[in-house]
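[1] my questions concern the predicted model and sequence given below.
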Protein chains: 2
Amino acid sequence: MSTNREIHLASRPQGWPTAENFRLVTTEVPTPGPGQIVVRNQFMSVDPYMRGRMNDVKSYVPPFQLDAPLDGGAIGEVVASEAEGIKPGDTVLHGLGWREYALLDAKAARKVDPSLAPVSAYLSVLGMTGLTAYAGLLDVAAMKPGETVFVSGAAGAVGSMVGQIAKLRGASRVIGSAGSAAKVERLKALGFDAAFDYHDGPVRESLKAAAPGGIDVYFDNVGSEHLEAAISALNLHGRVAICGMIAQYNSSEPPAAPRNLALVIGKRLTLRGFLVGDHGHLRDQFVQEMSGWLRDGRISYDETVVDGIENAPAAFLGVLRGENLGKMLVRV
Amino acid sequence: MSTNREIHLASRPQGWPTAENFRLVTTEVPTPGPGQIVVRNQFMSVDPYMRGRMNDVKSYVPPFQLDAPLDGGAIGEVVASEAEGIKPGDTVLHGLGWREYALLDAKAARKVDPSLAPVSAYLSVLGMTGLTAYAGLLDVAAMKPGETVFVSGAAGAVGSMVGQIAKLRGASRVIGSAGSAAKVERLKALGFDAAFDYHDGPVRESLKAAAPGGIDVYFDNVGSEHLEAAISALNLHGRVAICGMIAQYNSSEPPAAPRNLALVIGKRLTLRGFLVGDHGHLRDQFVQEMSGWLRDGRISYDETVVDGIENAPAAFLGVLRGENLGKMLVRV
């Protein structure tokens, strides 16, 4: 195969993205220069945070460029190498998804052992997704055994890990919110003590019913009304780890909620935003602990897999609409 | 003198309080029982947080009761004692302000030395006010030398301490906002590097002009648009110590701002509410450091003094309207 297909950003979305914002482009398979490798991608990740990079605003990661391929986490097999220490046949994790073949410096790739776990797991439970949940819950929010934890977007890739890690680390009660009855059922199967569909009524009331004793930790993937409800339910000295605010990524109007922020004073609450990149020091500990839980069958992870690079935009739109259970991946 | 005058809460304010919410009541001077003392109050404190206690809602301190005296920080001279270790003539700090004579358990009073500082200072710079500034800036927000600090309500009792302590502890730049041109002048005299009147334009623009390199710490006394502007100006890993949100204490509508809270993720910001009561472990260190600064003339403090218990409600309303420079006190 001598052609490569990749997805370009054709135009910047206004509000919700549509298929027209993306373009499938056919190019040549690249040839590696000195120190470089070419990877045939097997899986790529589509994540809510990518929506922010589609806007032309300064942020913690640079915006995607128009008429150039998008990028993001991917895993694949090396097919050509001009670099020491990496040879064709090796499996590597890297940051150039959204294309069938990736050309990159070998230094930007990390070799993984495909015999230890399905390769897709390195993008989900054993990868950035799992570490995000682990670091946010245990480091940023400093959850302690015996506490009550609430996580929004709980059936998503990160949220489903947060809830399970909380239970494994001794939380007394774990509550999740999600966007459908089927997801709520799944959360209960994963061991959540309570779960609700946020469409079923005001989040504040659903949370109050699920957590009559209040909550100590809130892991926020959603923002807005969910955050307001959590602030209302948090106990003294409660902590919020703010991982995402998907409810407002596609808003043209800035959100008015939370309107009860003054409660942070009397309750002495801490709200802290974080990016997983700041918590790399936890990676080894995380991989060791998570591998053990996986080996012992104490943790489950869901993947929603879409086939074909041409369907990557649809997969991404699906994540924003919450169509995924667990991690959304594209099998390239 | 055998009569005592005290201020009762006559009715709960809706929105902004008025004189009609208070009532001056004359009673007998009380007689101490075993273990009790009677204090003739010399000064009492009026503070913005008292507004919250006038509502009948569960909070971190119980609400004031109708047709009963208000309370709050006060200092005075013991006139009668049935307690060991405290004798008439001693000066004590305690929590029963809003009255000329206070009857209390000796255990609830703290003896202070009136020869070391004017007695009013124990309610302001050397008291809870100073400790609030010290703990919020150095403990809650963990300010480090070389950082840029922004404080709102900067001409108030706490704010003016925050700015000066920041400079003394090595902040590279300190910015304050206040509500009049005279206050802005006073801030510059106190050593603030920049100050602005928040009436002069959008807070976001004034702050941006005063802090072209952004800010690292925000000490919040105001909330709402001030908090939104600070979130916008904060640098990576910035911290917010949330001490008060006076902008919204009298609102009947919950505030919509800040609308840019999602920025906490990419910037990895920490927002933390606090009450000085949690930071008592810093008291000795604070008193030692603050006394040194006062002795060396390196810190200034303003007091706005209103005479007469009958004028305490007006003094309190004045604080809410920002009529004070520095600490608002009532000389009883």
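    On my side now, so go ahead.

[2] and the residue of the stretch 101-250 of chain A found nearest chain B, what does it touch?
    Proximity to chain B, evaluated over the stretch 101-250 of chain A using C-beta to the nearest C-beta, is greatest for residue A:245 at 4.5 Å. For glycine as for every other residue, the C-beta is placed from the backbone atoms N, C-alpha and C. Taking C-beta atoms under 8 Å, 6 or more residues apart in numbering or on different chains as the contact definition, residue A:245 lies against A:220, A:221, A:222, A:223, A:224, A:227, A:255, B:261, B:262, B:265.

[3] who does the spatially closest residue to the first one that is not a sequence neighbour bridge with?
    To tie it back to what came earlier, the one meant is residue A:220. In space, not counting the residues next to it along the chain, residue A:220 is nearest to residue A:242; the distance is 4.7 Å by C-beta to C-beta, 6 or more residues apart in numbering or on different chains. Counting by DSSP bridges, residue A:242 is bridged to residue A:220, residue A:273.

[4] mind listing what residue A:242 touches?
    Applying C-beta under 8 Å, 6+ apart to residue A:242 gives the contacts A:220, A:223, A:227, A:271, A:272, A:273, A:274, B:264, B:265.

[5] please indicate which of those are buried?
    Under a neighbour-count criterion of 16 or more other C-beta atoms under 10 Å in any protein chain shown, the subset of these counted as buried comprises A:220, A:223, A:227, A:271, A:272, A:273, A:274, B:264, B:265.

[6] hang on, the third one packs against residue A:257?
    Yes - using C-beta atoms under 8 Å as the test, residue A:227 is close enough to residue A:257 to be in contact (6.7 Å).

[7] re the thing from before, which one of the buried ones among the contacts of residue A:242 sits closest to residue B:15?
    Proximity of the buried ones among the contacts of residue A:242 to residue B:15, judged by C-beta to C-beta, is greatest for residue A:227, which lies at 26.3 Å.

[8] circling back: now the contacts of residue A:242 in TSV, with distance to residue B:121?
    Compiled in TSV, the contacts of residue A:242 are given as follows (distance: C-beta to C-beta, whole Å):
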residue	distance to residue B:121
A:220	43
A:223	45
A:227	41
A:271	35
A:272	36
A:273	39
A:274	42
B:264	38
B:265	43
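
[9] and the residues you listed as CSV, adding pLDDT and distance to residue A:172?
    Putting these into CSV (pLDDT from 0 to 100; distance: C-beta to C-beta, whole Å) gives the following:
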residue, pLDDT, distance to residue A:172
A:220, 98, 20
A:223, 94, 26
A:227, 97, 23
A:271, 98, 22
A:272, 98, 22
A:273, 97, 26
A:274, 97, 24
B:264, 95, 28
B:265, 94, 28
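
[10] and of the residues you listed, the nearest to residue A:323?
    Looking across these and measuring by C-beta to C-beta, the closest to residue A:323 is residue A:223, at 19.6 Å.

[11] tell me the strands in the stretch 101-250 of chain A, going along the chain?
    Counting by DSSP state E, counting those that start in this stretch, residue ranges of the strands within the stretch 101-250 of chain A are A:101-105, A:110-112, A:148-151, A:173-178, A:194-197, A:215-220, A:234-242.

[12] looking at these, which is closest to residue A:288?
    Each of the strands of the stretch 101-250 of chain A has some distance to residue A:288 by C-beta to C-beta; the shortest is strand A:110-112, at 15.0 Å.

[13] check which strands are paired with that closest one and give the direction for each one.
    Its sheet considered, strand A:110-112 pairs with strand A:91-94 (antiparallel) by DSSP bridges.

[14] any idea of the mean pLDDT for the partner strand?
    Summarised as a single mean, pLDDT over strand A:91-94 is 96.

[15] what's next to that strand, contact-wise?
    Where contact means C-beta under 8 Å, 6+ apart, the residues beyond strand A:91-94 that reach it are A:37, A:39, A:73-78, A:86, A:102, A:104, A:108-114, A:119, A:122-123, A:127.

[16] could you pull out the buried residues of that strand?
    For strand A:91-94, burial by neighbour count (16+ other C-beta under 10 Å) applies to A:91, A:92, A:93, A:94.

[17] from chain B, how far off is the first one?
    So that's residue A:91. For residue A:91, the distance to chain B equals 31 Å [C-beta to the nearest C-beta, to the nearest Å].

[18] once you drop chain neighbours, what's closest to residue A:193?
    Leaving aside its chain neighbours, residue A:193 sits nearest to residue A:173 (4.8 Å; criterion: C-beta to C-beta, 6+ apart).

[19] run a quick neighbour tally on residue A:63.
    Burial of residue A:63, expressed as a neighbour count using other C-beta atoms under 10 Å in any protein chain shown, amounts to 15.

[20] so it makes contact with residue A:54?
    Yes - at 7.2 Å, residue A:63 counts as touching residue A:54 under the criterion of C-beta under 8 Å.

[21] OK, contacts around the closest residue to residue A:191 other than its chain neighbours?
    With C-beta to C-beta, 6+ apart as the measure, residue A:167 is the residue that lies nearest to residue A:191, at 5.3 Å, once sequence neighbours are left out. When contacts are counted by C-beta under 8 Å, 6+ apart, residue A:167 is found next to A:174, A:191, A:192.

[22] for the first one, give me its contacts.
    For residue A:174, the contacting residues are A:148, A:149, A:150, A:151, A:163, A:166, A:167, A:191, A:192, A:193, A:194, by C-beta under 8 Å, 6+ apart.

[23] among the residues you listed, name the buried ones.
    Buried residues within those, defined by neighbour count using 16+ other C-beta under 10 Å: A:148, A:149, A:150, A:151, A:163, A:166, A:167, A:192, A:193, A:194.

[24] verify the contact between the fourth one and residue A:161 for me.
    Which is residue A:151. No - contact between residue A:151 and residue A:161 fails when scored by C-beta under 8 Å: they sit 9.2 Å apart.

[25] just to revisit the earlier point, from residue A:118, how far out is the residue of the stretch 101-250 of chain A closest to chain B?
    Distance from residue A:245 to residue A:118, counting by C-beta to C-beta, to the nearest Å: 31 Å.

[26] chain B contacts on the stretch 101-250 of chain A?
    By C-beta under 8 Å from any C-beta of the partner chain, the part of the stretch 101-250 of chain A that sits against chain B consists of A:223, A:227, A:236, A:242, A:243, A:244, A:245, A:248.

[27] so what's the residue count around the third one?
    Looking back up the chat, that one is residue A:236. Going by other C-beta under 10 Å, the residues that sit close to residue A:236 add up to 13.

[28] tell me how far it lies from residue A:214.
    9 Å.

[29] and if you look at the second one?
    Counting by C-beta to C-beta, the gap from residue A:227 to residue A:214 is 15 Å.

[30] now the contacts of residue A:167 as TSV including distance to residue B:7?
    As requested, those are exported to TSV (distance: C-beta to C-beta, whole Å):
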residue	distance to residue B:7
A:174	49
A:191	56
A:192	52
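
[31] which among the buried residues of strand A:91-94 gets closest to residue A:131?
    Ranked by distance to residue A:131 (C-beta to C-beta), the buried residues of strand A:91-94 are led by residue A:93 at 12.3 Å.

[32] list the residues that contact the spatially closest residue to residue A:218 that is not a sequence neighbour.
    Of all residues beyond its chain neighbours, the one nearest residue A:218 is residue A:230 (3.8 Å), with distances taken as C-beta to C-beta, 6+ apart. Contact criterion C-beta under 8 Å, 6+ apart gives A:150, A:152, A:207, A:215, A:218, A:220, A:240 as the residues in contact with residue A:230.
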